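Asker: model the structure of this input:
(one chain, ligands or ions: 1)
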Amino acid sequence: LYSIEDLAQLIEELKTVNPEAKVSVKVPVVPGIGVIAVGVAKAGADIINLTGYDGATGAARRHSLQYVGLPTEIGIIQAHRALIESGLRHRVELWCDGGMKTGSDAVKMILLGANRIGFATMAMVAIGCTICRKCHEGTCHVGITTHIKTVEEATEKGLKSFVPRDYDMAVDGIVRVFNVIADEMRRLTAQLGSTCLQDLVGRADLLEQVAGLDMVDLSAMLYHMPMKPRLLSEPGIGRRLTRPRNSLTHTISNLILNAVQDGEQEATYEDEVMAYDRALGGYLAGELVRNPRIAQRLNCAHLNFGPSSIAGNGFAAWTTDQLDIFIEGGAQDGVAKSANGGRVVVMKGLNHKGTRLDGSVGKSFAYGAQRGLLIVQGNADSRACIRLSGADVIFGGEITEPLDDTSVNVGTRANLKGFACEYMTSGRVI
Ligand code: SF4
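Answerer: The predicted structure is shown next:
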């Protein structure tokens, strides 16, 4: 993700493919986190998870453990207040993590403005992690982040010591830890005069600075900012109503699913579309995954758009095996993002001479695609095929410069814009 617009686009696509989904966006606590949180809320996230500089997984690099990020406390208080000031606090839950160890740590975060708290390192230690920080080596000596199962296997691989995990004991350990934390949080909630922890969200006035007053004065953090009342309608305007976005993908999905329920094994939908028709095919892909019995009865759904159509962002994202999507004209960003089967073809329309000239798609074509055949007439804008992990991709652009074989980086030799094929793990790109 390179901008808040990218994030808004991704959230919109995720909610199109699964309208029930709650989208959580994890953000490190950095300077300006309040403004960032407001942007993430406006982008449509349901949960903002702020991660402070304490903690970090055993796989974190040493320099990022020591020199990156700000305390979770600062992030929570700034995000909570910025969201209240912009009237968006009721739209999102604020979660946080980063070095929490006790129920008291968690309650302090809630008083500063968090709704929920995450424990990561603490939970790992509860199941037996020794925080040796070697997860990335795949040879965890206590059998957590490794595929090694037995002492014999470990000896064969040259490990000096290895203790296989006892899963019952690990589960018992983590249950005990969280029961103790929960008891402490219940006791503190009662001592603060409340019966519900969520009633204490943002009650920073209940905190008191008891140490370090000669070094830092925290009084600017320790006051209660009341929530603004939720405005459901404005005087003289009433409730604002807008046309539901991505309505065409819902319409197409209903038509195809009705045809399958009528006994059809194959169906074709044809239309002309414009850039405001976003995430086309996304809702249908989600419905086929949610309804496997219907999906089994469908051989193929052909979605044909043309002859001078330009599909909006997220065209053919999340496709499944049964989808065959064709567009004549072009498509904007995020085409075939995370495709998981099927076929997607983006062609130029025929000109007055009956020829298809040039052609391209927007940014992030086939981003993270796992399966399927994805074809573009012409080139692609930046970030094509990043994290490609299994799909076959064909670009039909003409080679305009001789290939520079002294460079080994496939992306720099391709007829594509920046970052092409970064982090690609599998699949084929021609
Ligand atoms: S003990 Fe295992 S899980 Fe814990 S940090 Fe070391 S390698 Fe990672």
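Asker: and C96, what does it touch?
Answerer: 49-52, 72, 75-76, 109, 114, 116-118 (Cβ atoms under 8 Å, 6 or more residues apart in numbering). All C-beta spots, glycine's among them, are computed from the backbone N, C-alpha and C.
Asker: flag the shaky bits of the stretch 101-250 of the chain, pLDDT-wise.
Answerer: For the stretch 101-250 of the chain, residues meeting the criterion pLDDT under 70 lie at 231-232, 234.
Asker: residue numbers of it in contact with the ligand?
Answerer: By the rule Cβ under 6 Å from any ligand atom, the part of the stretch 101-250 of the chain lying against the ligand is 124, 129-135, 140, 142, 144-145.
Asker: show the buried residues in these.
Answerer: 124, 129, 133, 135, 140, 142, 145 (16 or more other Cβ atoms under 10 Å).
Asker: taking those residues together, which two end up most distant?
Answerer: R133 and V142 (12.9 Å; Cβ to Cβ).
Asker: other SSEs contacting the longest helix along the chain?
Answerer: Selection of the longest helix in the chain by residue count, based on DSSP state H, yields helix 167-191. The contact analysis (3 or more Cβ pairs under 8 Å, 6 or more residues apart in numbering; DSSP states H and E) places helix 167-191 against helix 103-112, helix 121-126.
Asker: make a markdown table out of these and add distance to E266.
Answerer: Formatted as a markdown table, these follow (distance: least, Cβ to Cβ, whole Å):
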| stretch | distance to E266 |
| --- | --- |
| helix 103-112 | 54 |
| helix 121-126 | 49 |
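Asker: most neighbours per residue, which of those?
Answerer: Most buried of the helices and strands packed on helix 167-191 by mean neighbour count (mean count of other Cβ atoms under 10 Å) is helix 103-112; its value is a mean of 22.
Asker: domains in this protein, by residue range?
Answerer: 4-128+165-206, 247-429 (automatic domain parsing).
Asker: what about the residue in the chain sticking out farthest from the centre, which SS state?
Answerer: Within the chain, K353 marks the point farthest from the mean C-alpha position, 44.5 Å out by Cα atoms, centre = their mean. Following DSSP: H, G, I helix; E, B strand; the rest coil, the label given to K353 is coil.
Asker: for H136, same thing?
Answerer: helix.
Asker: residues near it, how many?
Answerer: As a burial measure, H136 scores 13 neighbours (other Cβ atoms under 10 Å).
Asker: rewinding a little: neighbouring contacts of the longest helix of the chain?
Answerer: With Cβ under 8 Å, 6+ apart, helix 167-191 has contacts from 102-104, 106-107, 119, 122-123, 126-128, 195-197, 200.
Asker: out of the residues you listed, which is nearest to the ligand?
Answerer: G128 (7.4 Å; Cβ to the nearest ligand atom).
Asker: test my guess that that closest one contacts T145.
Answerer: No - with contact defined as Cβ atoms under 8 Å, G128 does not reach T145; the gap is 11.2 Å.
Asker: could you identify the most distant pair in the contacts of helix 167-191?
Answerer: Maximum distance among those (Cβ to Cβ): 36.1 Å, for G128 and T195.
Asker: so who does C140 touch?
Answerer: By Cβ under 8 Å, 6+ apart, C140 lies in contact with 134, 146, 148.
Asker: now do the helices in this protein.
Answerer: Under DSSP H, the chain gives helices at 4-17, 33-42, 62-67, 72-85, 103-112, 121-126, 151-156, 167-191, 247-261, 282-290, 292-297, 410-413.
Asker: M274 is nearest to which of those helices?
Answerer: helix 247-261 (9.6 Å).
Asker: who's in contact with that closest one?
Answerer: 16, 244, 267, 269, 271, 273, 277-284, 287, 291, 294, 297-298, 301, 303.
Asker: show me what counts as buried in it.
Answerer: Those buried within helix 247-261 under the rule 16+ other Cβ under 10 Å are 248-250, 252-253, 256-257, 259-260.
Asker: distance between the ends of stretch 99-106?
Answerer: 10 Å (Cα to Cα, to the nearest Å).
Asker: what's the end-to-end length of stretch 214-233?
Answerer: 49 Å.
Asker: starting at the chain centroid, how far to it?
Answerer: Centre-to-centre, stretch 214-233 and its host chain are 29 Å apart (Cα atoms, centre = their mean, to the nearest Å).
Asker: stretch 13-22 now?
Answerer: Chain-centre distance of stretch 13-22: 11 Å, with Cα atoms, centre = their mean.
Asker: and for stretch 71-86?
Answerer: 21 Å.
Asker: restricting to C-alpha, output it in CSV.
Answerer: Output in CSV follows, covering the C-alpha atoms of stretch 71-86 (Å, rounded to 0.1, in the frame of the first residue of the first chain):
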residue,chain,number,x,y,z
PRO,A,71,5.2,4.2,22.7
THR,A,72,1.7,2.7,22.3
GLU,A,73,0.4,5.1,25.0
ILE,A,74,1.2,8.1,22.8
GLY,A,75,-0.4,6.4,19.7
ILE,A,76,-3.6,5.5,21.5
ILE,A,77,-4.2,8.9,23.1
GLN,A,78,-3.4,10.8,19.9
ALA,A,79,-5.5,8.5,17.7
HIS,A,80,-8.4,8.5,20.1
ARG,A,81,-8.5,12.3,20.4
ALA,A,82,-8.0,12.9,16.7
LEU,A,83,-10.9,10.5,15.9
ILE,A,84,-13.2,12.3,18.5
GLU,A,85,-12.3,15.7,17.1
SER,A,86,-13.1,14.6,13.5
